[in-house]
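K.L.:
Just need the structure, nothing else, for what follows:
(chains A, B, C and D)
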2 protein chains.
Amino acid sequence: MSVTIKDVAREAGVSIATVSKILNRIPGISETTTRRVEEVMNRLDYAPNSRAASLARKSSRCIAFLAKLDESEPYTNPHLFDIMCGVQEALYAKGYSFMLIDVLQADVERMILSRSFDGIIVHGGALTKPIYQLLIGRKFPHIVIGHPSGTRINWVDTDNSLGGRIAYEHLLECGCVNTAFLGALETDDISNERLAGFMSAARENGYECRKEWIVHTDGSLQAGREAAVSLLTGGKRPQAVICSSNLLAYAFSLAAFKLSVHIPDDVQLITFDRYPYSPLIEPEPTLVQIDVRDMGRAAAKQLLHELKKPDLRVQSFTTLPSLIIGRSTKILPA
Amino acid sequence: MSVTIKDVAREAGVSIATVSKILNRIPGISETTTRRVEEVMNRLDYAPNSRAASLARKSSRCIAFLAKLDESEPYTNPHLFDIMCGVQEALYAKGYSFMLIDVLQADVERMILSRSFDGIIVHGGALTKPIYQLLIGRKFPHIVIGHPSGTRINWVDTDNSLGGRIAYEHLLECGCVNTAFLGALETDDISNERLAGFMSAARENGYECRKEWIVHTDGSLQAGREAAVSLLTGGKRPQAVICSSNLLAYAFSLAAFKLSVHIPDDVQLITFDRYPYSPLIEPEPTLVQIDVRDMGRAAAKQLLHELKKPDLRVQSFTTLPSLIIGRSTKILPA
DNA sequence: GAAATTGTGTAAAACGTTTTACTAAATTTA
DNA sequence: TAAATTTAGTAAAACGTTTTACACAATTTC
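P.N.:
Take a look at the predicted model:
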């Protein structure tokens, strides 16, 4: 059939242990033997059988990524794919493979028992209570992407609060003192963290945001437009608005256009995330960018690290958002 | 450590062969023995070690999905994630796992040699020449999603030409005889197939589309708007327009709004695909829906089928688009 | 009633690695 | 120079299944 370690050993006139040691870069084999064996491996087009290696080594070098893959997900959470790419990239770079599983479908417990993978990366949206208990109960190596409130579990997330602060501080540089916040539901953690960051930065600068300028919506286009209209027409108009999602920013830009309110001359706009809707916003918006791909990479690295030297403490950390300046804000000349 | 088939066999007072046969539903074991063994398996929380099973069975029950995962991809091809979900779903349902790999990163040949997976599903955008030659040369089980022109390889794709026909025929029902086509680059296969389907359906109905009503753009928002403006203002105005992507349809709807051309009263609009931009189009557009998730499922099923009974012939087939009627077209009263 | 068949189950050989414990030769140390 | 150490490599035992060939009893056939 296909060429095995035995064939290589025979052809090179050494034992299979020697070949294995060369494959795994285990010291103790001379330079000359190594070269001879490697030549044979190349000549025979040999690659070690990963299934056999997995069994012998008691590790599949495979990490599962658990997410909610139902129909609605790709567009309600456009970052999911990008996160996966980051995870995949970092895993491959370390010799691990990436297995995708669906929390709605998979019997995760059985997969853990059957040792299908060495660890699991859970997308926040897929962290159900049974999954949480399973990981904690079995002490199975894991990391969650997205901060799961009220749990003691390893996680990585972006610093949304810092994002809110960055947005506010940029607007200050643009001369905006009176800033509004257009957010999602009051139960939306991400939106709330961004708001909290903005508020605390504002407070440090001696500014208290008016109550009526903090607007919660259901995050939809329609609700965003309505909220934008009332922000722009009701009483005093804010100098700037921070939108907690790029759909809301898009909604805001539409409303502004219809009301002939010019961005950035009449009101400045800053939003979060580039995709999917920022490319449609006119003018090209200034935004706080969350590098979710990098977050995926960070999660993967952390999990592999944990696999190498297990640590009983709960590990968690954040990645940093960055500011991308577009034309919806205008820095004051110095 | 963890419980193995030996533990189950000992506890149940049978041989490991018996347990294995029960696990794999191989006939020849009595009802009573089966029940006894299954009770023990449950009691001990046993799940067969998938790594050992893979080795013994010479099959990993794992399929690779090969795609181009660079930064630009998720939004230039918003379907990729959805396709993956479909593939994952169908694979899991048949007891296979889903491994994601990146064509820009992975050494696919080495992975094949090391028998990391039993077959591969290639996203059209990742079918490079080396990959093509590798799969054909090694006769490795595969299927490509998206019709790769000029190759002899197994593939599944949606019937874009039929999509163009469906769009045209719907517009006929809406009383539109003079229909324009707003497409992407002349080198874009998908756009061209949709155009060809439209044209041939039109011809069958005795209508030849004016040359100036077939517009090729680079597919961008800006180009779409410009093309839309010239369609709407230059000479005779078409009764309807078919847009080959939902970004172009969005561009068209913006242009129409700015020119105070009302959809569907002044011009009717039909587009392809729902995401990501259709939800932003006003009014809610009539569209030809490509169920890409289903295409993923179909690809997975076909590959597993091929794995069971290899067939030397090249296999290829299409999935059907469907029409979703919105408010950008208006069926004539009967 | 002997021979053939059927129904249940087993022993043991794969599968192709990794890893442990060991050996023999070469080198260093005392 | 004998003893200790280092270097380079090996033999064989895992790893936990699947699968093949076979055994033995119970049943059926002639």
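K.L.:
Enumerate the positions of stretch A:286-301 that are buried.
P.N.:
Going by neighbour count (16 or more other CB atoms under 10 Å in any protein chain shown), the buried part of stretch A:286-301 is A:286-301. Just so you know, the C-beta spots here come from the backbone N, C-alpha and C atoms, and that holds for glycine as well.
K.L.:
and chain B, which of those residues contact it?
P.N.:
residue A:293 (CB under 8 Å from any CB of the partner chain).
K.L.:
Of the buried residues of stretch A:286-301, which is the nearest to chain B?
P.N.:
Nearest to chain B among the buried residues of stretch A:286-301: residue A:293, at 7.1 Å, using CB to the nearest CB.
K.L.:
quick one: which helix or strand includes that closest one?
P.N.:
Per DSSP states H and E, residue A:293 falls inside helix A:292-308.
K.L.:
Any residue of that helix touching DNA strand C?
P.N.:
No. Using CB under 7 Å from any atom of the strand, helix A:292-308 stays clear of DNA strand C, with a minimum separation of 13.2 Å.
K.L.:
so how far is that helix from its chain's centroid?
P.N.:
In this view, helix A:292-308 has its centroid 10 Å away from the chain centroid, taken as CA atoms, centre = their mean, to the nearest Å.
K.L.:
ditto for stretch A:155-162
P.N.:
Here the centre of stretch A:155-162 is set off from its chain's centre by 10 Å, with CA atoms, centre = their mean.
K.L.:
which of the residues in it are buried?
P.N.:
Of the residues in stretch A:155-162, those buried (16+ other CB under 10 Å) are A:155-162.
K.L.:
List of residues touching stretch A:273-290?
P.N.:
Outside stretch A:273-290, the residues within contact range by CB atoms under 8 Å, 6 or more residues apart in numbering or on different chains are A:75, A:78-79, A:158, A:163, A:166-167, A:170, A:245-247, A:249-250, A:253, A:257, A:263-264, A:268-272, A:321-329, B:74-75, B:78, B:221, B:250, B:276-277, B:280.
K.L.:
and the residue of the stretch 151-300 of chain A found nearest DNA strand C, what does it touch?
P.N.:
Nearest residue of the stretch 151-300 of chain A to DNA strand C (CB to the nearest atom of the strand) works out as residue A:300 at 21.8 Å. The neighbourhood of residue A:300, defined by CB under 8 Å, 6+ apart, consists of A:63, A:86-87, A:89-91, A:94, A:96, A:121.
K.L.:
Now render those residues as CSV, adding secondary structure, pLDDT and distance to residue A:229.
P.N.:
Formatted as CSV, the contacts of residue A:300 follow (DSSP: H, G, I helix; E, B strand; the rest coil; pLDDT from 0 to 100; distance: CB to CB, whole Å):
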residue, secondary structure, pLDDT, distance to residue A:229
A:63, strand, 98, 47
A:86, helix, 97, 38
A:87, helix, 98, 41
A:89, helix, 98, 43
A:90, helix, 98, 44
A:91, helix, 98, 46
A:94, coil, 97, 51
A:96, coil, 98, 50
A:121, strand, 98, 42
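K.L.:
From the residues you listed, list the buried ones, please.
P.N.:
Among the contacts of residue A:300, those scoring as buried are A:63, A:86-87, A:89-91, A:96, A:121 (criterion: 16+ other CB under 10 Å).
K.L.:
Near chain B, list only the ones from those residues.
P.N.:
For chain B, the contacts drawn from these by CB under 8 Å from any CB are residue A:89.
K.L.:
Kindly indicate which of the buried ones among the contacts of residue A:300 lies nearest chain B.
P.N.:
Closest approach between the buried ones among the contacts of residue A:300 and chain B, by CB to the nearest CB: residue A:89, at 6.7 Å.
K.L.:
I'd say the closest one and residue A:297 touch.
P.N.:
Yes. Residue A:89 lies in contact with residue A:297 (CB atoms under 8 Å); the separation is 6.1 Å.
K.L.:
how many neighbours does the residue in the stretch 151-300 of chain A that chain B sits nearest to have?
P.N.:
Distances between the stretch 151-300 of chain A and chain B by CB to the nearest CB are smallest at residue A:276, namely 4.4 Å. Neighbourhood size, residue A:276 [other CB atoms under 10 Å in any protein chain shown]: 21.
K.L.:
domain assignment for chain A?
P.N.:
A:5-48, A:62-158+A:293-319, A:160-290 (automatic domain parsing).
K.L.:
Switch those domains over to CSV; also include distance to residue B:228.
P.N.:
CSV is the format used below for those (distance: least, CB to CB, whole Å):
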stretch, distance to residue B:228
domain A:5-48, 54
domain A:62-158+A:293-319, 25
domain A:160-290, 15
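K.L.:
With respect to residue B:200, which of these lies nearest?
P.N.:
Residue B:200 lies closest, by CB to CB, to one member of the domains of chain A: domain A:62-158+A:293-319, at 32.5 Å.
K.L.:
wait, does that closest one make contact with DNA strand D?
P.N.:
No. Domain A:62-158+A:293-319 lies out of reach of DNA strand D by CB under 7 Å from any atom of the strand, never closer than 7.8 Å.
K.L.:
ok so, going back, what's the offset of the helix or strand just after the helix holding residue A:293 from the middle of its chain?
P.N.:
Remark: after helix A:292-308, the chain's next helix or strand is strand A:316-319, criterion DSSP H and E. Strand A:316-319 has its C-alpha centroid displaced from the chain centroid by 11 Å (CA atoms, centre = their mean).
K.L.:
Tell me which stretches of the stretch 101-250 of chain A form helices.
P.N.:
Along the stretch 101-250 of chain A, counting by DSSP state H, counting those that start in this stretch, helices occupy A:108-113, A:129-137, A:160-173, A:189-204, A:221-233, A:246-258.
K.L.:
Let me have these in JSON lines, adding distance to chain B and mean pLDDT as columns.
P.N.:
Shown next, in JSON lines, are those (distance: least, CB to the nearest CB, whole Å; pLDDT from 0 to 100):
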{"stretch": "helix A:108-113", "distance to chain B": "4", "mean pLDDT": "97"}
{"stretch": "helix A:129-137", "distance to chain B": "12", "mean pLDDT": "96"}
{"stretch": "helix A:160-173", "distance to chain B": "20", "mean pLDDT": "97"}
{"stretch": "helix A:189-204", "distance to chain B": "19", "mean pLDDT": "95"}
{"stretch": "helix A:221-233", "distance to chain B": "7", "mean pLDDT": "95"}
{"stretch": "helix A:246-258", "distance to chain B": "7", "mean pLDDT": "96"}
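K.L.:
Run through the residues that contact the nearest residue to residue A:320 once chain neighbours are set aside.
P.N.:
In space, and not counting its chain neighbours, residue A:320 is closest to residue A:159: 6.1 Å by CB to CB, 6 or more residues apart in numbering or on different chains. Counting by CB under 8 Å, 6+ apart, residue A:159 makes contact with A:318-321.
K.L.:
In PyMOL, select just the buried ones from the residues you listed.
P.N.:
PyMOL command restricting these to the buried ones, with burial defined by 16+ other CB under 10 Å:
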select buried, chain A and resi 318+319+321
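K.L.:
possible to save the contacts of residue A:159 as a markdown table with pLDDT?
P.N.:
As requested, the contacts of residue A:159 are exported to a markdown table (pLDDT from 0 to 100):
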| residue | pLDDT |
| --- | --- |
| A:318 | 95 |
| A:319 | 95 |
| A:320 | 96 |
| A:321 | 97 |
